[in-house]
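Chemist: requesting a structural model of the entry that follows:
(one chain, ligands or ions: 1)
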Amino acid sequence: MPSTLCKCGKEAFYFRRLSGEALCRRCFARSIERTVHRTVKREKLFTPDDRILIALSGGKDSVALAHILSKLEKPYRTKLFALTIDEGVSGYREEGISITRGVAETLGMEHHIVTFKEEYGHSLEEVYALSREHGTGLLGCTFCGIMRRRLLNDMAIRLGATKVATGHNLDDEAQTFLINILRGDIARLGRAGVQPVKVREGFVPRVKPLRYIPEKEIAAYVYMKGYPLYERECPYVRGSVRDEVRDILNGIEERHPGTKHAIVNGSDKLMEALKPSTEAATVGTCSRCGSPSSRGVCRMCEVLDMLGLGSNTFINHLAE
Ligand code: SF4
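Modeler: Got it, this is the predicted structure:
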């Protein structure tokens, strides 16, 4: 039976199964913030003059990230601002967008919102409908991921960001590792990590300060800080590989606590070992759109072809 008292004598708020600690609200919040602080310092994620763009979706991870970084970066000259991407999924994104507005207001943070529809000319729903018409067999998440990554980087350049901070947590990172293994994608394994190896010019470096914090603890932190939790589930999430991997990993973690930490720590070691070859990898540009790409034609142009949309009509929206 876990203790109901924190070591400081206050009533416990969170029981950390892995370490056996019972933590009161204050000690719990401090331990989360300390882990993020340690990660930022150890990995030298930021410099005092950085302009850090936070990818703020409204989900608990991005909300925790915005809150913690606002606190940690207060003593420095770093500028923090947030970007929300509205993919265009009706009945799902509205709640998240409204949460992001509230969070940015509470934290006094400059906030930009962009939509797939305005930037690409097509919402995710429209793209998915086209995909079905063309029988591509691809999932909504595939398009969403490719389009969001491109837009996030393009907006970071447009807004003059020197770093992009994302809210990827321990669970996300353990899942990504397994997905890359399942796909045999060694190149991606080498580019993982809290501060992925920068192998491409034209990409704003991305950092993941929450990489070592479990999803459950982030949810408890956000709840404790009084932010609303974004409960809705995206209609496209079911059926993705990530969804299956998440269920498998949660099952293993339940029976063998510490598995997710072990995977992420192992992934860090593997990344170090693969670093020389990853850094040496030559990256060219896409022959269609000119974006940095390790393939002749980038993934974005590839999916546009499948949808019968030329790169020019679609991507030019971004350049306007
Ligand atoms: Fe995009 Fe998939 Fe996430 Fe929905 S679940 S927002 S489609 S990545």
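Chemist: shaky segments in the protein?
Modeler: Where the chain drops to pLDDT under 70, the residues are 1-2, 194, 196-201, 279-283, 310-320.
Chemist: quick check: Thr115 vs Glu126, distance?
Modeler: 12 Å (C-beta to C-beta, to the nearest Å). For glycine as for every other residue, the C-beta is placed from the backbone atoms N, C-alpha and C.
Chemist: list residues touching both of those two?
Modeler: Shared contacts of Thr115 and Glu126 (C-beta atoms under 8 Å, 6 or more residues apart in numbering): Gly88.
Chemist: for the helix or strand where Ile218 lies, the distance to its chain's centre please.
Modeler: Counting by DSSP states H and E, the element that carries Ile218 is helix 215-224. Chain-centre distance of helix 215-224: 16 Å, with C-alpha atoms, centre = their mean, to the nearest Å.
Chemist: change the start of the numbering to 488 and stick with it
Modeler: From this message on, residue numbering opens at 488, which makes the last subject helix 702-711.
Chemist: got the contact list for it?
Modeler: Contacts for helix 702-711 (C-beta under 8 Å, 6+ apart): 500-501, 503, 512, 515-516, 519, 547-548, 550-551, 554, 654, 656-659, 697, 716.
Chemist: list the buried residues for it?
Modeler: Going by neighbour count (16 or more other C-beta atoms under 10 Å), the buried part of helix 702-711 is Glu702, Lys703, Glu704, Ile705, Ala706, Ala707, Tyr708, Val709.
Chemist: just the CA trace of it, in PDB.
Modeler: Extracted C-alpha coordinates of helix 702-711, given in PDB (Å, rounded to 0.1, in the frame of the first residue of the first chain):
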ATOM      1  CA  GLU A 702       2.700  11.300 -20.600                       C
ATOM      2  CA  LYS A 703       0.800  10.500 -17.400                       C
ATOM      3  CA  GLU A 704       2.900  12.900 -15.300                       C
ATOM      4  CA  ILE A 705       2.400  15.700 -17.900                       C
ATOM      5  CA  ALA A 706      -1.300  15.200 -17.700                       C
ATOM      6  CA  ALA A 707      -1.200  15.400 -13.900                       C
ATOM      7  CA  TYR A 708       1.000  18.500 -14.000                       C
ATOM      8  CA  VAL A 709      -1.300  20.300 -16.500                       C
ATOM      9  CA  TYR A 710      -4.400  19.400 -14.400                       C
ATOM     10  CA  MET A 711      -2.600  20.600 -11.200                       C
END
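Chemist: picking up where we left off before, closest one of the buried residues of helix 702-711 to the ligand?
Modeler: Glu702 (14.5 Å; C-beta to the nearest ligand atom).
Chemist: check contacts around the residue lying closest to Ser754 once chain neighbours are set aside.
Modeler: Counting by C-beta to C-beta, 6 or more residues apart in numbering, Ser754 lies nearest to Phe664, which is 4.5 Å off, once chain neighbours are set aside. Going by C-beta under 8 Å, 6+ apart, Phe664 touches Leu676, Ala679, Ile750, Val751, Gly753, Ser754.
Chemist: state the distance from Phe664 to Gly654.
Modeler: According to C-beta to C-beta, Phe664 and Gly654 sit 17 Å apart.
Chemist: and what of Gly689?
Modeler: 24 Å.
Chemist: of the two, who's got more company?
Modeler: Taking other C-beta atoms under 10 Å, Gly689 and Gly654 do not tie; Gly654 has more neighbours (24 against 13).
Chemist: so that one makes contact with Gly546?
Modeler: Yes: at 7.0 Å, Gly654 counts as touching Gly546 under the criterion of C-beta atoms under 8 Å.
Chemist: ranges for the helices of the stretch 688-807 of the chain?
Modeler: For the stretch 688-807 of the chain, the helices defined by DSSP state H, counting those that start in this stretch occupy 702-711, 728-742, 746-767, 786-794, 798-806.
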